[in-house]
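> turn this into a model:
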Amino acid sequence: MKDKFYQYIQDLQNTITSKLEEVDGKATFKEDMWKRPEGGGGRTRVIEKGNVFEKGGVNISGVHGALPKSMQAYFKVGDVDFFACGLSLVLHPKNPMVPTVHANWRYFEMYDKQGNTVDQWFGGGQDLTPYYLFDEDAQHFHTVCKTTCNRHNPNFYRTYKEKCDAYFWNAHRNEARGIGGLFFDYCKATDTMPLEAWYDFVTEMGNSFLDSYIPIVTKRKKLKYTQEQRDWQEIRRGRYVEFNLVHDKGTLFGLKTNGRIESILMSLPPHVQWHYDHEPKKGSEEERLIKVLKKPKEWI
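Numbering: from 1, shown residues only. Purely as a prediction, here's the structure:
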């Protein structure tokens, strides 16, 4: 399974980066191959200073070795080995009318010291972070998520949407990072959902990503915007940074397992602002966004 899924994310990385270069029309992805001293490595691809994408990364990795003590405590296990692989992407568009997007699809195994597999699961999801809220964009993104989920289980969309709303929550700000999507983790084999079925679900979610995001980018990338709107985008990007550095479990896992720091922190935008006690104007589009972020919304 680990070889099969790692091959899948290599192919998916090629598909996604090719399409994003086509949409941008100017910038291309810079590729870095890297090795982890304890075992494994990855292929990082970063795009910068494009017509559409100010900064973005589409990264894959496959790492293995002894599970560090700090992560043993987190997973509540003893002295075990692990393998983890996944694709993680974050795209920060230049135009504040185009939302930031994040997605991740991953697979994890644990082994005892005799090499026997003692646990294995899939995880992943995708979520949208707009700076100016177009309801039809949110509805489109969630519709693609729901349609894909429904092909596997009619309960998946509601369950994983609620998990996404709960996970991407900036508790110290009492607001959501964005307008959600899906978040699923510890997807393990059961009598009704064997591991192969989880593979089918996760890979179909990965395959649907471009359908969920590119139509939004195409629709919004040429809209006019002001410097004031650009400033608002950078202020909201600050909240994105706060979540990734304070709450995100993927960032924590990468740092605790001696992952490649440039790949882990590629999710951070290049231009960000923090203003003291910033409040949007009453009745503005900026205030409307904040009100939506204070309470998760049913988009479809």
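
> now K291: which helix or strand?
helix 285-293 (DSSP states H and E).

> for that helix, packing partners?
strand 175-176 (3 or more CB pairs under 8 Å, 6 or more residues apart in numbering; DSSP states H and E). C-betas here are computed from N, CA, C, even on glycine.

> mind listing the strands the strand it packs on pairs with, and their directions?
Sheet pairing of strand 175-176 (DSSP bridges) gives strand 169-170 (antiparallel).

> rounded to a whole number, what's the mean pLDDT of the strand it pairs with?
For strand 169-170, the mean per-residue pLDDT is 96.

> next one: stretch 284-300
96.

> list of residues touching that stretch?
130-133, 135, 138-139, 141-143, 146, 162, 165, 174-180, 232, 236, 280-281 (CB atoms under 8 Å, 6 or more residues apart in numbering).

> tell me which of the residues you listed fall in strands.
Per DSSP state E, strands hold the following members of the contacts of stretch 284-300: E175, A176.

> can you map out the helices along the stretch 201-300 of the chain?
227-246, 249-256, 261-264, 285-293 (DSSP state H, counting those that start in this stretch).

> adding distance to D191, write these out as TSV.
Listed next are the helices of the stretch 201-300 of the chain as TSV, based on distance: least, CB to CB, whole Å:
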stretch	distance to D191
helix 227-246	37
helix 249-256	28
helix 261-264	37
helix 285-293	39
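
> tell me which of these approaches T44 most closely.
helix 261-264 (4.6 Å; CB to CB).

> now that closest one - C-alpha only, CSV.
The C-alpha coordinates for helix 261-264 follow below in CSV (Å, rounded to 0.1, in the frame of the first residue of the first chain):
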residue,chain,number,x,y,z
ILE,A,261,12.3,23.1,7.3
GLU,A,262,12.0,24.9,3.9
SER,A,263,9.4,22.4,2.8
ILE,A,264,7.5,22.5,6.1
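
> what packs against it?
By 3+ CB pairs under 8 Å, 6+ apart, helix 261-264 packs against strand 30-35, strand 40-48, strand 53-66, helix 249-256.

> neighbouring contacts of that helix?
D32, W34, G42, T44, G57, N59, S61, T251, G254, L255.

> what's the angle between the helix holding K291 and helix 227-246?
On the basis of axes from the mean of the first three to the mean of the last three CA atoms, to 10 degrees, helix 285-293 is oriented at 30 degrees to helix 227-246.

> and helix 285-293, what's buried?
Buried residues in helix 285-293, counted by 16 or more other CB atoms under 10 Å: E286, L289, V292, L293.

> for the helix or strand where W198 lies, what does the pLDDT average out to?
For W198, the element it lies in under DSSP H and E is helix 195-220. Here helix 195-220 scores 98 as its mean pLDDT.

> which other helices and strands contact that helix?
helix 2-24, strand 81-93, strand 100-111, strand 117-129, helix 135-150, strand 181-187.

> correct me if wrong: Y160 contacts C187.
No - proximity of Y160 to C187 does not meet the contact threshold set by CB atoms under 8 Å, at 9.8 Å.

> ok, those two, which is more surrounded?
Y160 (25 against 20; other CB atoms under 10 Å).

> how about that one, secondary structure?
Secondary structure for Y160, judged by DSSP: H, G, I helix; E, B strand; the rest coil, is helix.

> most tightly packed of the helices and strands packed on helix 261-264?
Ranked by mean neighbour count, the helices and strands packed on helix 261-264 are led by strand 53-66 with a mean of 22 (mean count of other CB atoms under 10 Å).

> can you name the next helix or strand after it?
Downstream of strand 53-66, the first helix or strand assigned by DSSP H and E is helix 69-75.

> how about that following helix: buried residues?
Those would be M71, for helix 69-75 by 16+ other CB under 10 Å.

> what lies in contact with that helix?
Helix 69-75 is contacted from outside by L67, G78, D79, V80, F82, M110, F253, K256, T257, using CB under 8 Å, 6+ apart.

> by mean pLDDT, point me to the weakest helix or strand of this structure.
Taking mean pLDDT, DSSP states H and E as the measure, the chain has helix 69-75 as its least confident helix or strand, at a mean of 82.

> off-centre distance for that one?
23 Å (CA atoms, centre = their mean, to the nearest Å).

> then stretch 215-223?
20 Å.

> next one: stretch 204-217
With CA atoms, centre = their mean, you get 13 Å for stretch 204-217.

> what sits up against that stretch?
The contact list for stretch 204-217 (CB under 8 Å, 6+ apart) reads 8-9, 12, 15-16, 19, 23, 52, 87, 91, 93, 98-99, 101, 103, 105, 124-126, 128, 137, 140-141, 144-145, 147-149, 151-152, 182.

> which among those residues end up buried?
8-9, 12, 16, 23, 52, 87, 91, 93, 98-99, 101, 103, 105, 124-126, 128, 137, 140-141, 144-145, 148-149, 152, 182.
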